[in-house]
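J.: The sequence isn't on hand, but the structure is:
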């Protein structure tokens, strides 16, 4: 029963930590990046892994024909001349980085229109368009993270199934060994019963032989 309660507790805890993210919030921020203090976007991604999110955002930039570069000297991914028409008729430069957070990962994005970074106050239309794109990206990442988690859980389920089948085979082996042992015990019990009977018969033979010997001795003494 303790095991059942423990498994139930783990399941409740698991479900609580893997609830799908349905509200894809994008926050406006102002913080330091490679171009100094700028206004940008913070995209929280529940259950996200920062390295995967960063790599996926680089692919996302390439889908908009951006020339993507990264350097070990900088944690940022740089997308040069991204062609995102819903944001700007001209190409834009995008700087991005992903870091671990308490919920999973945070993606930070800064969009340079060509001398000025997007902000809700200075460029409300561009901000709204970029915000919508980042919300869709966040949603795609939430789906991918859950798919990765699903794959891991399916692998774990297969391992558990293998372990269960191993336990079944182990039980069957033990049952066969018990049946074999029971047969041996039954045989040995029969052997013991036969041995007891043989011992009784042998004692009778011994006593009879002693009587024969004693009789012969008496006859020998009577002839002297």
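T.: Ah, there it is. Predicted model only: the values in this text are computed from it and were never measured. Residues are numbered from 1 along each chain as shown.

J.: longest strand anywhere in the protein?
T.: In the chain, taking DSSP state E as the definition, the longest strand is strand 36-46.

J.: Check the gap between the most centrally placed residue in the chain and residue 128 for me.
T.: Geometric centre of the chain, nearest residue: residue 152, 4.5 Å, by Cα atoms, centre = their mean. Applying Cβ to Cβ, to the nearest Å, the value for residue 152 to residue 128 is 36 Å. In short, each C-beta sits where N, CA and C put it, glycine included.

J.: about what we covered before: now the longest strand of the chain: buried residues?
T.: For strand 36-46, the neighbour count (16 or more other Cβ atoms under 10 Å) marks 38, 39, 40, 41, 42, 43, 44, 45, 46 as buried.

J.: okay, these in a markdown table with distance to residue 208 and pLDDT next?
T.: A markdown table is the format used below for the buried residues of strand 36-46 (distance: Cβ to Cβ, whole Å; pLDDT from 0 to 100):
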| residue | distance to residue 208 | pLDDT |
| --- | --- | --- |
| 38 | 118 | 97 |
| 39 | 119 | 98 |
| 40 | 114 | 98 |
| 41 | 111 | 98 |
| 42 | 108 | 98 |
| 43 | 106 | 97 |
| 44 | 102 | 96 |
| 45 | 99 | 94 |
| 46 | 96 | 90 |
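
J.: Nearest to residue 198 among the residues you listed?
T.: residue 46 (81.1 Å; Cβ to Cβ).

J.: who's the closest one bridged to?
T.: residue 104 (DSSP bridges).

J.: Return the residues in contact with it.
T.: 21, 103, 104, 142, 145 (Cβ atoms under 8 Å, 6 or more residues apart in numbering).

J.: Over to residue 108?
T.: Residue 108 touches 29, 31, 33, 40, 41, 42, 43, 96, 97, 98, 99, counting by Cβ under 8 Å, 6+ apart.

J.: Return the closest of the residues you listed with respect to residue 86.
T.: residue 41 (14.9 Å).

J.: Please report the distance of residue 177 from residue 170.
T.: Using Cβ to Cβ, residue 177 is found at 11 Å from residue 170.

J.: ok, now residue 178?
T.: Using Cβ to Cβ, residue 178 is found at 13 Å from residue 170.

J.: hang on, the earlier thing: tell me which of the contacts of residue 108 is nearest to residue 165?
T.: Distance to residue 165, by Cβ to Cβ, is smallest for residue 98 among those, at 40.9 Å.

J.: Give me the helices and strands touching the helix or strand hosting residue 174, please.
T.: Here residue 174 sits within helix 124-223, counting by DSSP states H and E. Of the remaining helices and strands, those touching helix 124-223 by 3 or more Cβ pairs under 8 Å, 6 or more residues apart in numbering; DSSP states H and E are strand 36-46, helix 50-63, strand 104-112.
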